[in-house]
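Enquirer: Next input, structure requested:
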Amino acid sequence: MHALRVFVALVVAAGLLTLSGCAYVNVKAPLDVNLDQTQLGAKTGTAEARSVLWLFAWGDASYAAAAANGGIATLRHADQEVFTVLFGLYTRWRVVVYGD
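Expert: Model (predicted):
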């Protein structure tokens with residue numbers, strides 16, 4: 001009986017680990033490797049793309065679009081943000097660029 005409880009606990013734990021982040025994800029990460037040497041610049045620009053129901057997607061989350069939106073000619077740093085709800089039922093990708 002004890003072995004059955006341990007097995008069930010392991011199966012539940014494995015299931016929870018594989019489903020982590022499926023209901024809600026809001027992640028921000030830098031797109032840079034030398035963070036200690038990063039100079040952000042005076043301007044910021046953002047660009048977004050969205051997806052709904054795994055069927056419809058629109059937007060332009062490129063560096064070029066973000067730089068144009070911020071009036072940036074020289075890119076110095078970029079961040080990415082991903083927001084997802086219910087296994088990707090709704091997803092938003094955002095790029096934030098910094099520069100001059």
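Enquirer: how many neighbours does residue 29 have?
Expert: Applying other CB atoms under 10 Å, we find 9 residues neighbouring residue 29. (Glycine included, C-beta is placed from N, CA and C.)
Enquirer: Which of the three states applies to it?
Expert: strand (DSSP: H, G, I helix; E, B strand; the rest coil).
Enquirer: Spit out the contact partners of it.
Expert: 79-81 (CB atoms under 8 Å, 6 or more residues apart in numbering).
Enquirer: what's the answer for residue 79, then?
Expert: 28-31, 95-97.
Enquirer: Let's see if you can find the most crowded of the residues you listed.
Expert: Neighbour max across the contacts of residue 79 (other CB under 10 Å) = residue 97, 27 neighbours.
Enquirer: That one falls within a helix, correct?
Expert: No: under three-state DSSP, residue 97 sits outside any helix and is assigned strand.
Enquirer: which residue sits closest to it in space, ignoring its chain neighbours?
Expert: residue 66 (4.3 Å; CB to CB, 6 or more residues apart in numbering).
Enquirer: What helix or strand is the one you found located in?
Expert: helix 63-70 (DSSP states H and E).
Enquirer: And that helix, what does it pack against?
Expert: strand 43-52, strand 75-85, strand 90-99 (3 or more CB pairs under 8 Å, 6 or more residues apart in numbering; DSSP states H and E).
Enquirer: Can you tell me the centre-most residue of the protein?
Expert: Nearest residue to the geometric centre of the chain (CA atoms, centre = their mean): residue 82, 2.3 Å.
Enquirer: ok, it - contacts?
Expert: 25-27, 91-94.
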